[in-house]
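Undergrad: Can you look at this prediction? I've put the sequence above it.
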Amino acid sequence: MNKTEEIFGSLVFDDRVMRERLPKPIYRALKRTIEEGKSLDKSISDCVANAMKDWAIEKGATHFTHWFQPMTGITAEKHDSFISPVGDGSIIMEFSGKELVKGEPDASSFPSGGIRATFEARGYTAWDPSSYAFIKEDTLCIPTVFYSYGGEALDKKTPLLRSTEELNRQALRILALFGHTDVKRVTTTVGPEQEYFLVDRDLYFKREDLMLTGRTLFGAKPPKGQEMEDHYFGAIKPRVAAFMKDLDEELWKLGILAKTEHNEVAPAQHELAPIFSNTNMGTDHNQLTMELMKNVAIRHNLACLLHEKPFAGVNGSGKHNNWSLSTDTGINLLEPGDSPQDNAQFLLFLTAVIKGVDEYQDLLRISVASAGNDHRLGANEAPPAIVSMFVGDELQAVLDSIEQGVVMGQSSKEDMKVGVHILPRFPKDSTDRNRTSPFAFTGNKFEFRMLGSSCSISGPNIILNTIVAEELSQFADELEGAEDFTSALTALIRRTISEHKRIIFNGNNYSDEWVKEAESRGLLNLKSTVDALPYFISEKNVALFTKHKIFTATEIQSRYEIMMENYCKTLNIEALTMLEMAKKQILPAVLSYIKDLSDTAAVKKQLSSAMCCDAEEALITKLSALASSFYKKIEALNQAVLGATDFDDIKAEGTYYHDVIFLAMQELRSVADEMETLVGDKYWPFPTYTDLLYRV
Ligand code: ADP
Ligand code: MG
């Protein structure tokens, strides 16, 4: 075994370890639980817990934790040691099935959107055996779900698991119609490509905005940006290369399939892409990847920025959610087939996605909505805020011919039947050309490209799974009762294409024409988080979630409130940080430069009244005017922040933050950025964009 093979998964209690360490019947029972979602017997959990503990201790672990994903978007853990007193002053290392299966973290400080405040402060964690336990820094981490006393989900994992179960159920109904009774399970697969920035850690600590908000709230554009296009896929700097090597190793130890590392478009920007896995594991792995990126960066005296838009005027960072459906028999359901029957099945899944994306554009938009991502969507670097789908010319021609009922390659109108007539093959690589589409079919999967870099992929996948489950359930209802399956199938696919083709757009999504065209097609353009979020609680969407038991009405309301609150809090922190930097750093720096200029001019005049002081005087005049305007804008932002009280509801509060505070922030920033270009380097109180983007 080479080193990579040896370390890969070495810190994971995976199938290999379970088979090795668990008695056969226990192993089989656990496998059944994992694969079919069956509940576990207590005797089994005791045995698994013991094996896990022995394994973890051998690997140097001293603690265990229930690792969960609360609504903060990051992961949470509370460490307990394995020690247990024996009575004679010594200890033994213990870990019971009860401790493995259920935990009770003090949950009162996690966001709940009012769910817990009303009756019970307690929250519980429960083991999710479908994602492997692993060791992180001497602690055995057990992936868990997190829920309230009343059983409501307080995390991002529970609804994800519910949605994959539901999609499985509905997809199996469809597969049965095509005679695939051998398939026992359909899962969704995901491969999230992750973008990030690396900056020098010493410089990072000199910027309060980066430390407190993750992005620069001030900063003039550097003389050199990304216009030379010399960073993308360029040679990787030694310090960054060392970071990537180290990161890969840490990820591999956790069984994370880190595959590709490269430079991205903007200076100091990079990307990591893993090999895809099932959605539950993929989501856990993406959370761990983000955490490790930050931690490994520290070892290299770097700071990893996962904010969607750390630098104004420079590309921001996103995440591409590659998504597909796969059977336990190894078939990718979004892979076009070779026979007419296989193609018919592919087309049915494809049209389910088309219909789902059209009917639930709002939910897809909401699943990527955050204050940070608002800086990217529609800003000529990320897909716009308008949700549409790209299918490519070849597949478009197939859809057109089905809709028109014309057999391709024949001029006469024949009654074209899906599942009977042979469709042309659509070459895979020709479908991936359009990089501007928010939702692109890329040959055998969909690539949802609107996610921000810090987004947990859980949200978007909950929505994808749920909307496709809904469409498949409608399709199954219709087809299960059909007298002639082939005719009913053809009619259904044809009708669906015709009713939902408005969502397909194969052109340039960044163009202004598309914005107009989309409007005329009746597509939504929800520009900001505040515009988008209220759709989450619309009647249509509540009906969808409750029908498929993804969220209860209470859970929907609570999540809506958490997301809106999060938006307001983010802007509030940003505004306060700006005020502090403006008053305590920028204004004093500018005034001290003005003073030195004035002193210089005065000294020169003393030497000789004929001495030319044009440069000093011009700068003093210009900067004094800017400083005065800056002071007024500080006052304006201050007033805006003070005015953020007494709202009727959370929506009004969000709207105020968006319309009033965000605007005042932008106005303050623009004066500061102009002053930065005029003030001497040694006066400017923190590192500039050039320092941050190029000194790595
Ligand atoms: P690119 O987007 O750069 O063209 P690829 O097509 O190789 O790159 O894949 C990008 C990502 O898509 C990778 O993370 C890969 O693992 C993932 N991916 C590939 N196939 C699937 C699939 N069937 N389901 C989910 N993700 C997939
Ligand atoms: Mg991609």
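TA: Perfect, I can see it now. Ligands and ions are numbered 1, 2, ... in the order given.

Undergrad: And the residue in the stretch 1-150 of the chain positioned nearest to ligand 1, how far from T144?
TA: The stretch 1-150 of the chain approaches ligand 1 most closely through F8 (16.3 Å), counting by Cβ to the nearest ligand atom. For every residue, glycine as well, the C-beta is placed using N, CA and C. F8 sits 24 Å away from T144, going by Cβ to Cβ, to the nearest Å.

Undergrad: which one of the two has more residues nearby?
TA: Between F8 and T144, counted using other Cβ atoms under 10 Å, T144 has the larger neighbour count: 28 against 19.

Undergrad: tell me the secondary structure for the more buried one?
TA: Secondary structure, DSSP: H, G, I helix; E, B strand; the rest coil: T144 is strand.

Undergrad: I'd like to know the beta-bridge partner residues of it.
TA: Beta-bridge partners for T144, by DSSP bridges, are W127.

Undergrad: Pull the number of nearby residues for Q585.
TA: Using other Cβ under 10 Å: Q585 sits among 17 other residues.

Undergrad: Find the nearest non-adjacent residue to whichever residue of the chain sits closest to ligand 1, please.
TA: The chain approaches ligand 1 most closely through G191 (2.7 Å), counting by Cβ to the nearest ligand atom. Distances taken as Cβ to Cβ, 6 or more residues apart in numbering put F276 closest to G191, at 3.2 Å, once the chain neighbours are dropped.

Undergrad: okay, now the one you found: neighbour count?
TA: Number of residues near F276 (other Cβ under 10 Å) recorded here: 20.

Undergrad: Distance-wise, check it relative to A176.
TA: Going from F276 to A176 by Cβ to Cβ gives 26 Å.

Undergrad: Run through the residues of the protein sitting next to ligand 2.
TA: For the chain, the residues in contact with ligand 2 (Cβ under 5 Å from the ion) are E193, H320.

Undergrad: again, 8 Å this time
TA: Within the chain, the positions near ligand 2 by Cβ under 8 Å from the ion are E193, A273, H320, N322, T442, E447, R449.

Undergrad: quick check, nearest of these to A385?
TA: Closest approach to A385 among the residues of the chain next to ligand 2 (Cβ to Cβ): R449, at 12.5 Å.

Undergrad: Before we go further, the closest one is sitting in a strand, right?
TA: Yes - counting by three-state DSSP, R449 is found in a strand.

Undergrad: ok, it - contacts?
TA: Residues in contact with R449 (Cβ atoms under 8 Å, 6 or more residues apart in numbering) are G318, H320, N321, A382, P383, S437, P438, F439, A440.

Undergrad: Ok, E519 next?
TA: Contact analysis of E519 by Cβ under 8 Å, 6+ apart lists N525.

Undergrad: And the residue of this protein that's closest to ligand 2?
TA: H320 (3.9 Å; Cβ to the ion).

Undergrad: how about the nearest residue to that residue once chain neighbours are set aside, what does it touch?
TA: Closest residue to H320 apart from its sequence neighbours, by Cβ to Cβ, 6+ apart: E193 at 4.2 Å. Counting by Cβ under 8 Å, 6+ apart, E193 touches E271, L272, A273, K319, H320, N322.

Undergrad: hey, what's the first one bridged with?
TA: Okay, so that is E271. Taking DSSP bridges as the rule, E271 bridges to E195, H262.

Undergrad: that older thread, ok, the residue nearest to G191 to Q170 distance?
TA: Distance check for F276 against Q170: by Cβ to Cβ, it reads 21 Å.

Undergrad: for P384, same thing?
TA: Note on P384: its distance to Q170, by Cβ to Cβ, is 30 Å.

Undergrad: which regions of the chain sit below the pLDDT cut-off?
TA: Residue ranges of the chain with pLDDT under 70: 37, 107, 116-120, 408-416, 422-433.

Undergrad: Spatially central residue for it, please.
TA: By Cα atoms, centre = their mean, the mean C-alpha position of the chain lies nearest to C455, the distance being 2.6 Å.

Undergrad: Got phi/psi on it?
TA: Phi and psi for C455, reported as degrees, to the nearest 10, are phi -60, psi 130.
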